[in-house]
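Undergrad: predicted model, plus sequence, below.
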Amino acid sequence: MAPRPSLKQRFTRSYLHLLTGILLLVTSVLYLWLATNVRVPPLGDPIGPRFFPLGLGSLLLIFSALMLGSILWRSSEQNDADNIPGQLQAWAVLMLLVGFVLVLPKAGFLLSSTAFATLVLTLIRFRSWPVNVLTAVLIAGSFHIVFRVWLGVPLPSLALG
Amino acid sequence: MKRLTLNSMALLAGALLAAPVLADEAPEGPLEIVVGAGPGGGYDRLARAIQEVLDTEGIIPNTINLTYQPGAGGAVAWATVNRSAGDMTKISIFSPNIVTGEVLGTDTISFSDMTMLSMLVFEDGCFAVNPDAEINSAEKLIEALQDDANNVRFGFAVSAGNQWHVAMARLVEAVGADVSRLRSTVFDSGGRAVAALLGEHVDVVATGCAQFAQYHEAGDLTVIGVSAPERMGGVLADVPTWQEQGHDVVWGAWRGILAPRDLTESQISWWEEKLRAVTESSAWIPVAEENYWRTAFLNSADTTEMLVAEREEYGRALRALGLIE
Amino acid sequence: MDVLLNLMSGIQTAVSGPNLLFILLGASVGTWVGMLPGIGPATAIAVLLPFTFSLDPTSALIMLSGIYFGAMYGGSIASIMLNIPGDASSVMSTLDGYPMTQKGRAGAALLLAATASFVGGTLGLIGLTLIAEPVSRLALRLGPSEYFMLMVFALAATASTVQGSAVKGFISALLGLAIATIGIDLQSGSSRFTFGTPELMDGIPLLVAIIGVYAVTEVMMTVEGLVSGRWQAPKAIGKLWATKAEWLRVRFTFFRASVIGFLVGLMPGAGGAVATLLAYSTEMRFSRRRDEFGKGAPEGLVAPEAANNASVSGALVPLLTLGIPGSSATAVLLGALMMHGIQPGPRLFVEQPVLTWGVIGGLYVANIALLVLNVPLIGLWVRILKVPAALMMTVILVLAIVGSFSLSNSMFDVWLMLLFGVLGYLMRKTGVPITPMILGLVLSGMIEQSLRQTLSLSGSDWSVFVTRPVSLIFLLMTVAMILLPLVAKPRRGQQ
């Protein structure tokens, strides 16, 4: 066995596991608490609308606690930090998506999807600006034709289209 | 595109308001019916009927587009429409959901916040039993209810406290039994409720008459009563109303048209006139018959008045059912 | 042999004149649309429905049947090639389909899937033709108590097929079950966990969740792998044809899975997801190569594919003979039929035999057309893998946004989809399996509602679960499913 890692090392090594474990625990506590607030009508079916969520919430709480426990216990087996640059890029793509969705209703589909595609292409694999922009325009254009024109999906739009 | 039209509409409305208005204000450009459910549902069939009649009869020159925004029994679509205040080009179809959602506290939007343009059709309620089951006639059902409502397993769709739930509650009350004892079960679609009745998992189902017509004709189910003021036509003509059988139960679903808030008087009367023309046209009659719709046009003011009364009545009925305090 | 004569004339209607063209058109458009993330057969039919309004009812419905089967195969292609299922019923196909692709067996996987779909669909249709009426009456005898036990059984079956840690499998299933309780409760009208948001009243849309946890998560995982250089494009060029050994392994799977799929399809509401789940876990239980499941076992792909298509034919039985739609896709189909002035139900075969048999004939032809159309195209589909990763990822992301928006034209769904993408990424990174969560989402409503329906119909009497024979059988099977692994020698050494 390697020497016992310090707390900081343990945290960085299993930051995703810890984050997920804690999120799950918090979620199940929150879920249980919200379940006790569900309005039960004075009459109605025998077990009512609270029974099932309470049961699920309790089980979820137990299993989340078990999982968090094993995450802390076996922290040496986890290795979340082996590819931080890759993970940063994955989160960056997600942030671009969030930006896209924020801008979409304001800028319309054609404009925002072209910008989004350009940025994602640049982030994942930079070729050259002209190539990326051209590819992005092609992607946005074909989506526009297939979905808006052929399938009639009412995507958010501007006067430009 | 949408935003620009909206703004220009608002400008146009403002300009027209300033000028003395002689004729009703007609909308320009395409009109949109926002359908509060997916294609093929009850809302969609009415929307298509209106679209078709407006078009074939040449009642208006504008093109009419249908968009679908399913959710919360229509409430999501209504909220969307209502966001375009003063825009007369967007309408949606409402059902008793617009009242029950408010009474049950599940909807955040009230009909009094929007413009109710008109009432269009009634969908009357039919009560059916399984001919092979123990309870296979109106007499047996009422006997069982009067003995103890807890003997009767009642199935309906699609949400607790809706029109069919209340229709059944009124029957139980009318025969002098205790509503709170009724064994009610909600199914997630009318089809599932009918399936449960065919499989004898429930004793009686209440729902729109159109759903039962075929089964009644084929003899798979027996429709024993209609909660309407008069009998249905077609294959259901032999079924007596509850009133004929001595029980004062008239309750059903209705559908009408709503528009966003802040419409002007003249915008409202333009729509009233066109919608009335739809229900009075010759193309409308076969469509209504096919769908078991009873045409009942009401103007904007009368519609709002009716909804206020319905809200009152639903509140009372849902309290009796124990769904609200 | 009235039935055969009717069927013959039905097939004749289906291949006469322009109808054959409509089938082919429907099948190819359906395949393309079905490949898009989040667009399963139900959405495909709903989206393409308006295009059929200008056709006469027979042609329209025949085209819709082509779209239906086409969209199902399209979903399989996306599941196998990209690990992105179109809807709940193609989720199980990713479990072994995608590993086959990673091993360079994409061509074989597509061929097996096409064949399984064809066999399942055709066997199901034969079932529909021969025993439609009596069987659908029988299926009606199954009430809420039987449904409850069947769903519990299906969930127990999933738990037994999950790879890896049992705790994580349970967490995943529980998460799905819990997420599905958001929305208005059917029985009482109480709103649960909605925070007064109208968009949440109907609950979390299943397809939004599927797009998020599969498409967005898959892209994030790939991007991460691209940076470290660990991610490698699957070898596109393997042998396109499946090997003799692979055919031999799956020869009985075709039939077992088709029977299971058809029977589950007969039960209104059980749907394709349950059919694929049961077929997969049955296959795994009977297999001597149990440890190969989840790593590219051909049986693990053939079983859900055959079961899924057979369940569609099964679901058509209550739809056509009783007017009761059994799944979301058949519900949309019911809407489509009514739009064309046809009311399915007990009178349908009597009143409109030409049309009805035309549709059934159309389904037979659509099944064959798909096989004929798609087998030569396998070489083309495999080329999807040659698309540069950066381009593919970008397209998938835009598709995910457009797909989630178009479900009900709402930006709210798009945000939800992103949230599920993050959830899926965290789950993948921490080894929590995703499949149980999706199946929990699918089954939750039915489990809870059928339990409560049973109890209110029985007047709070729990004994109905053991006094009704079919429900008792499912109960015993569930118990066996849970106990067997405990009694038998442990399957895996670890943990």
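TA: The structure has been received and is ready for your questions.

Undergrad: so where's chain A uncertain?
TA: Confidence mapping of chain A against pLDDT under 70 gives the ranges A:1-5, A:75-76, A:151-152, A:157-161.

Undergrad: assign the residue nearest the centre of it to helix, strand or coil.
TA: Nearest residue to the geometric centre of chain A (Cα atoms, centre = their mean): residue A:94, 7.5 Å. For residue A:94, the assignment made with DSSP: H, G, I helix; E, B strand; the rest coil gives helix.

Undergrad: same question for residue C:306.
TA: Per three-state DSSP, the secondary structure class of residue C:306 is helix.

Undergrad: who are the contact partners of it?
TA: C:116, C:117, C:119, C:120, C:123, C:253, C:254, C:257, C:258, C:261, C:279 (Cβ atoms under 8 Å, 6 or more residues apart in numbering or on different chains). Glycine gets a C-beta too; all of them are placed from N, C-alpha and C.

Undergrad: try it again at 7 Å.
TA: By Cβ atoms under 7 Å, 6 or more residues apart in numbering or on different chains, the residues touching residue C:306 are C:116, C:119, C:120, C:254, C:257, C:258, C:261.

Undergrad: quick one: those residues as TSV, columns for pLDDT too.
TA: Listed next are those as TSV, based on pLDDT from 0 to 100:
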residue	pLDDT
C:116	94
C:119	94
C:120	94
C:254	92
C:257	93
C:258	94
C:261	92
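
Undergrad: of those, closest to residue C:148?
TA: residue C:261 (21.0 Å; Cβ to Cβ).

Undergrad: relative to residue C:3, how far out is the closest one?
TA: 22 Å (Cβ to Cβ, to the nearest Å).

Undergrad: more crowded one of those two?
TA: residue C:261 (35 against 12; other Cβ atoms under 10 Å in any protein chain shown).

Undergrad: so how far is residue B:86 from the more buried one?
TA: Computed as Cβ to Cβ, the residue C:261 to residue B:86 distance reads 54 Å.

Undergrad: and stretch B:138-148 with chain C, contact?
TA: No: when contact is scored as Cβ under 7 Å from any Cβ of the partner chain, no part of stretch B:138-148 falls within range of chain C; the minimum is 10.9 Å.

Undergrad: which helices and strands sit right next to the strand or helix carrying residue A:123?
TA: For residue A:123, the host element (DSSP states H and E) is helix A:109-124. If you count contacts as 3 or more Cβ pairs under 7 Å, 6 or more residues apart in numbering or on different chains; DSSP states H and E, helix A:109-124 packs onto helix A:84-107, helix A:129-143, helix C:389-408.

Undergrad: now do the contacts for the residue nearest to the centre of chain A.
TA: Residue A:94 neighbours (Cβ under 7 Å, 6+ apart): C:220, C:421, C:422.

Undergrad: tabulate those in TSV, adding columns for distance to chain A and neighbour count.
TA: Converted to TSV, those look like this (distance: Cβ to the nearest Cβ, whole Å; neighbours: other Cβ atoms under 10 Å in any protein chain shown):
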residue	distance to chain A	neighbour count
C:220	4	27
C:421	7	27
C:422	7	18
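
Undergrad: nearest residue to residue C:447 in space, please, no chain neighbours.
TA: residue C:151 (4.7 Å; Cβ to Cβ, 6 or more residues apart in numbering or on different chains).

Undergrad: you'd agree that neighbour is up against residue C:443?
TA: Yes: using Cβ atoms under 7 Å, residue C:151 is in contact with residue C:443, at 5.0 Å.

Undergrad: counting neighbours, what do you get for residue C:289?
TA: There are 12 residues near residue C:289, going by other Cβ under 10 Å.

Undergrad: isn't it right up against residue C:296?
TA: No: in this structure, residue C:289 is not within contact of residue C:296 by Cβ under 7 Å, at 11.1 Å.

Undergrad: so who does the residue of the stretch 201-325 of chain B found nearest chain A touch?
TA: Proximity of the stretch 201-325 of chain B to chain A (Cβ to the nearest Cβ) peaks at residue B:322, 2.5 Å away. Listed by Cβ under 7 Å, 6+ apart, the contact partners of residue B:322 are A:41, A:42, A:43, A:44, B:180.

Undergrad: distance check, the third one against residue B:182.
TA: Distance check for residue A:43 against residue B:182: by Cβ to Cβ, it reads 9 Å.

Undergrad: repeat for the first one
TA: When Cβ to Cβ is applied, the distance between residue A:41 and residue B:182 equals 14 Å.

Undergrad: can you list the residues of chain B near chain C?
TA: Contacts of chain B with chain C, taken as Cβ under 7 Å from any Cβ, map to B:38-41, B:67, B:69-72, B:75-76, B:79, B:104, B:106, B:108, B:150, B:153, B:159-161, B:183-186, B:188, B:191-192, B:194-196, B:198-199, B:201-202, B:214-215, B:217-218, B:220, B:323.

Undergrad: again, only using 6 Å
TA: Counting by Cβ under 6 Å from any Cβ of the partner chain, chain B comes close to chain C at B:38-40, B:69-72, B:75-76, B:79, B:104, B:106, B:108, B:153, B:160-161, B:183, B:185-186, B:191, B:195, B:198-199, B:201, B:214, B:218, B:220, B:323.

Undergrad: quick check: residue A:21 touching residue A:71?
TA: Yes: Residue A:21 is within contact range of residue A:71, at 4.7 Å (criterion: Cβ atoms under 6 Å).

Undergrad: who has more neighbours out of residue A:43 and residue B:182?
TA: Taking neighbours as other Cβ under 10 Å, residue A:43 and residue B:182 compare with residue B:182 leading, 24 against 16.

Undergrad: contacts only, for the more buried one.
TA: Residues near residue B:182 by Cβ atoms under 6 Å, 6 or more residues apart in numbering or on different chains: B:149, B:154, B:172.

Undergrad: do a quick rundown of the strands in chain B.
TA: Listed in chain order, the strands of chain B (DSSP state E) span B:31-35, B:64-68, B:90-94, B:115-129, B:153-157, B:183-187, B:204-208, B:222-226, B:252-259, B:293-298.

Undergrad: tilt between the first one and strand B:90-94?
TA: Inter-element angle recorded for strand B:31-35 and strand B:90-94: 30 degrees (by axes from the mean of the first three to the mean of the last three Cα atoms, to 10 degrees).

Undergrad: could you list every helix and strand in contact with strand B:31-35?
TA: Where contact means 3 or more Cβ pairs under 6 Å, 6 or more residues apart in numbering or on different chains; DSSP states H and E, strand B:31-35 is packed against helix B:42-56, strand B:64-68, helix B:75-83, strand B:90-94.
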